[in-house]
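K.L.:
All I have is the shape, not the residue letters:
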């Protein structure tokens, strides 16, 4: 017994302290992977010294004697702060995520490898001129200089993700930069999913009118009726084969990449501002991540004559560009235009030779290339990548397509982002030079993808807009017009060229001194070219018109309030109709109805009404459509306010409210009453019965999901960045949720990724904020320090004057040429 006690005491006084010490040393070792704010390094191919001064907000001010030197330093800084994020984007663009994450990402890799994203990046790189390739190579050398540099004497060289997953970064090459940019096109590509949805609706036997009820055009658009897709494409009828929903789920990891792009931007001319000079505002809406998508930076070139050249704004780690921001004379802001630049074609295979498909002139052979996906901890996956005259063949199970398409067919994809002559990066590299709105508008000719609506202002007082990008021209006889998959064997549906650059949307100094876009229809009936029939609903744009178009004596602060506006025009239109339909039902929660009837439609995080209404809308959509859509319902389940107004209106294409699964005939009021009960019960389960503790922010929080540790408990608590958020899917302060996520249907997975406000009277007064923090290392004090400021619609300044940004600086790195 004494021996046992002695053994236990030895464990207590020896092993436990050893374990504690080991834990502390392990923590210190990982924590020392944070990039030091001060240092010095000699780099080959650097033509002169470069300083990297990190200000009190950890924003680097990079100053050198040439653009190439500054871009090399930017590559070094990006690698210091965001190398894991860059590695994730590069591996995603290469279709190699499964080498790190195993079989969970095979479907994502199959999609990326099937469309040949990296091959198109290599072709795009080859199409660039030598000066642009030289700048890209300089940036890549900066990345590789950090990768090759020695780590700390005691500590991890790379951030904890590399250590935990046992991964080491490969050297970067120039094509990795191009594919990082092309991945933004994947993120902003929404049309392909609308096409798949319409195909599924047709396969379920729905008419054009019923499909229009589900995905209606915006007011003012009058698309031609869709042809009968069942007849045109040879779709079957009757019950779907089992497994359609499971086929959708296997692409869950792809959904993290393929978000839907939305944004706000506007520019106000000097006649409407207090200073007499323009004010420009921009807040792009993208998938929220941890760290955030963007990295703030100030780049400066000191010319030999003593003059300075500056760029300030958000950069994309992995690319040598200030994508959104300002130079010394011009400020600009992007929104996604949403032009229809993707078409799915259904190709008939030759019944006598599966290596051929039908073209207008007869059968042609598929282009074929063997692909191998390496899988960590598993066998490699091999398949043949097929390409048709329209483009690459999609995986057969993409979005469950093989459950809806007829036997003997495959789906191919035409998409401008896969163009081999895509020189979009060249347009970005010109941003150093533009001195006026006109120069900017004329200088975006190389911009191919993704098409953006860009508002511009200059210090002369001019304002303008240009929407550059490659947009296909379709045959007038093509009645589908990009809304649904087309028959690949009929040349009527082939693209007929592209809209000339000179004829893309463009505005210069409009008479009312204001311009704005918010992803909805941006051209009027006089515009001669087709852009899309799948515009975003106009609710945000209408709110901008109310708050910006009618205001004078505007300042940065008045525009900041507009960016933070949480009033929902959409819910102001829908909620009274829903409330009216249930007012005579006695089996509903009268307290909830009373609060909703008094609501002013502001989705403030501290209030309960937006919580009630969003929960009600979620359950109402389910009650109304789950019986009609069956296996298709999960991919449709989100808020559709414009469509809901049709479903609850006097003349829907079918009685959507009647539940086909029951013998009774339900009215819309019946269904909405049941849905309200569902919603309140659901909130009770999530938040408890004490409603005094309920508010919108409790469930509607910005969810900066870390890749991959958001999926790993308890690491998710350390690596994810979350903060309660106001706004909603239709407000200017945007925060979109995923209704299909039963665990967290209201958390914000897509929202305002950055806010910029630019004062052309004094560009140094311009303000910036992004969602998380500058560092991508969880052990850094700057990993999440922006999150609360962002949620409060606060911001920071990034002055170019050394005396101003050196106040409270964190440190200085000095990069020197290697002798």
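P.N.:
Perfect, I can see it now. These numbers were taken from a predicted model, which means no experiment stands behind them.
K.L.:
okay, which residue is most central for this protein?
P.N.:
Nearest to the mean C-alpha position of the chain, by C-alpha atoms, centre = their mean, lies residue 286 at 3.1 Å.
K.L.:
Now do it, the pLDDT please.
P.N.:
Looking at residue 286, its pLDDT reads 94.
K.L.:
so is it in a helix, a strand, or just coil?
P.N.:
Following DSSP: H, G, I helix; E, B strand; the rest coil, residue 286 is assigned to strand.
K.L.:
Quick one: residues contacting the nearest residue to it once chain neighbours are set aside.
P.N.:
In space, residue 286 comes closest to residue 753 once its chain neighbours are excluded; the distance is 4.3 Å by C-beta to C-beta, 6 or more residues apart in numbering. Bear in mind the C-beta positions are built from the backbone N, C-alpha and C, glycine included. Residue 753 is in contact with 283, 284, 285, 286, 288, 292, 293, 294, 770, 771, counting by C-beta atoms under 8 Å, 6 or more residues apart in numbering.
K.L.:
could these be laid out in CSV, adding distance to residue 731?
P.N.:
Shown next, in CSV, are the contacts of residue 753 (distance: C-beta to C-beta, whole Å):
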residue, distance to residue 731
283, 11
284, 15
285, 11
286, 16
288, 16
292, 20
293, 20
294, 21
770, 19
771, 17
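K.L.:
and of these, the nearest to residue 76?
P.N.:
Checking the contacts of residue 753 against residue 76 with C-beta to C-beta, the nearest one is residue 294 at 18.1 Å.
K.L.:
Distance of the closest one relative to residue 58?
P.N.:
13 Å (C-beta to C-beta, to the nearest Å).
K.L.:
what's the answer for residue 395, then?
P.N.:
Applying C-beta to C-beta, the value for residue 395 to residue 58 is 41 Å.
K.L.:
Longest helix of the chain, counting residues only.
P.N.:
In the chain, with assignment by DSSP state H, the single longest helix is helix 67-94.
K.L.:
So what's the gap between it and the chain middle?
P.N.:
Distance, stretch centre to chain centre, for helix 67-94: 19 Å (C-alpha atoms, centre = their mean, to the nearest Å).
K.L.:
mean confidence for the helix or strand following that helix?
P.N.:
Going down the chain from helix 67-94, the next helix or strand is helix 98-101, by DSSP states H and E. For helix 98-101, the mean per-residue pLDDT is 95.
K.L.:
can you give me the angle the helix or strand following helix 98-101 makes with helix 67-94?
P.N.:
With elements assigned by DSSP H and E, the helix or strand that comes after helix 98-101 is helix 106-115. Angle of helix 106-115 versus helix 67-94, following axes from the mean of the first three to the mean of the last three C-alpha atoms, to 10 degrees, is 110 degrees.
K.L.:
Just give the nearest non-adjacent residue to residue 477, would you?
P.N.:
Once flanking residues are discounted, residue 477 sits nearest to residue 492: 5.1 Å by C-beta to C-beta, 6+ apart.
K.L.:
Surely the one you found and residue 476 touch.
P.N.:
No: counting by C-beta atoms under 8 Å, residue 476 is not a contact partner of residue 492; they are 9.5 Å apart.
K.L.:
Double-check residue 563 against residue 734; I have them as touching.
P.N.:
No: counting by C-beta under 8 Å, residue 563 does not reach residue 734; the two are 9.9 Å apart.
K.L.:
joint contacts of those two?
P.N.:
264, 283, 752.
K.L.:
residue contacts, the residue lying closest to the last one once chain neighbours are set aside?
P.N.:
Among residues not flanking residue 752 along the chain, residue 283 sits closest, at 4.7 Å (C-beta to C-beta, 6+ apart). Counting by C-beta under 8 Å, 6+ apart, residue 283 touches 263, 264, 265, 563, 732, 734, 752, 753, 754, 755, 756.
K.L.:
just these now: which is nearest residue 372?
P.N.:
residue 753 (34.8 Å).
K.L.:
so what pLDDT did the closest one get?
P.N.:
The model reports residue 753 with a pLDDT of 97.
K.L.:
And residue 145, by the same measure?
P.N.:
As predicted, residue 145 sits at a pLDDT of 97.
K.L.:
Over to it. Which of the three states is it?
P.N.:
Under three-state DSSP, the three-state class of residue 145 is helix.
K.L.:
Identify the residue nearest it in space, chain neighbours excluded?
P.N.:
Spatial nearest neighbour of residue 145, excluding adjacent residues (C-beta to C-beta, 6+ apart): residue 43 at 5.1 Å.
K.L.:
roughly how far apart are the one you found and residue 326?
P.N.:
Counting by C-beta to C-beta, the gap from residue 43 to residue 326 is 28 Å.
K.L.:
just to revisit the earlier point, in terms of distance to residue 139, which of the contacts of residue 753 ranks first?
P.N.:
Of all the contacts of residue 753, residue 139 sits closest to residue 294, with 16.7 Å by C-beta to C-beta.
K.L.:
which stretch of helix or strand covers the residue lying closest to that closest one once chain neighbours are set aside?
P.N.:
Nearest residue to residue 294 in three dimensions, chain neighbours excluded: residue 314, at 3.8 Å (C-beta to C-beta, 6+ apart). Per DSSP H and E: residue 314 is located in strand 308-315.
K.L.:
Within its sheet, name the partner strands of that strand and how each one runs.
P.N.:
strand 295-302 (antiparallel), strand 322-326 (antiparallel) (DSSP bridges).
K.L.:
list the contacts for the residue nearest to residue 294?
P.N.:
294, 295, 296, 297, 322, 323, 324, 325, 754, 756, 768, 770.
K.L.:
Check residue 628 too.
P.N.:
By C-beta under 8 Å, 6+ apart, the contact set of residue 628 is 204, 654, 656, 660.
K.L.:
what's the spacing between the residue nearest to residue 286 and residue 283?
P.N.:
Using C-beta to C-beta, residue 753 is found at 8 Å from residue 283.
K.L.:
From the shared contacts of residue 563 and residue 734, pick the one nearest residue 637.
P.N.:
Top of the list for closeness to residue 637, among the shared contacts of residue 563 and residue 734 and by C-beta to C-beta, is residue 752 at 23.2 Å.
K.L.:
So what pairs up with the closest one in the strands?
P.N.:
With DSSP bridges as the rule, residue 752 is bridged to residue 285.
K.L.:
do you know how far it is from residue 89?
P.N.:
In terms of C-beta to C-beta, residue 752 sits 20 Å off from residue 89.
K.L.:
who has more neighbours, these two?
P.N.:
More neighbours surround residue 752 than the other of residue 752 and residue 89, with 30 against 24 (other C-beta atoms under 10 Å).
K.L.:
pretty sure the more buried one contacts residue 287?
P.N.:
No: applying C-beta under 8 Å, one finds residue 752 not in contact with residue 287, separated by 11.6 Å.
K.L.:
about what we covered before: so residue 492 and residue 476 - more neighbours on which side?
P.N.:
residue 492 (15 against 10).
K.L.:
which intervals of the stretch 151-300 of the chain have sub-threshold pLDDT?
P.N.:
For the stretch 151-300 of the chain, applying pLDDT under 70 flags the ranges 247, 249, 251-261.
K.L.:
ugh, typo on my part, it should be the chain
P.N.:
Ranges of the chain meeting pLDDT under 70: 1-3, 5-26, 247, 249, 251-261.
K.L.:
Let's see that with 80 instead.
P.N.:
Counting by pLDDT under 80, the ranges of the chain that qualify are 1-29, 189-190, 238-261, 819.
K.L.:
Go through stretch 700-708 and flag the buried ones.
P.N.:
700, 701, 702, 703, 704, 705, 706, 707, 708 (16 or more other C-beta atoms under 10 Å).
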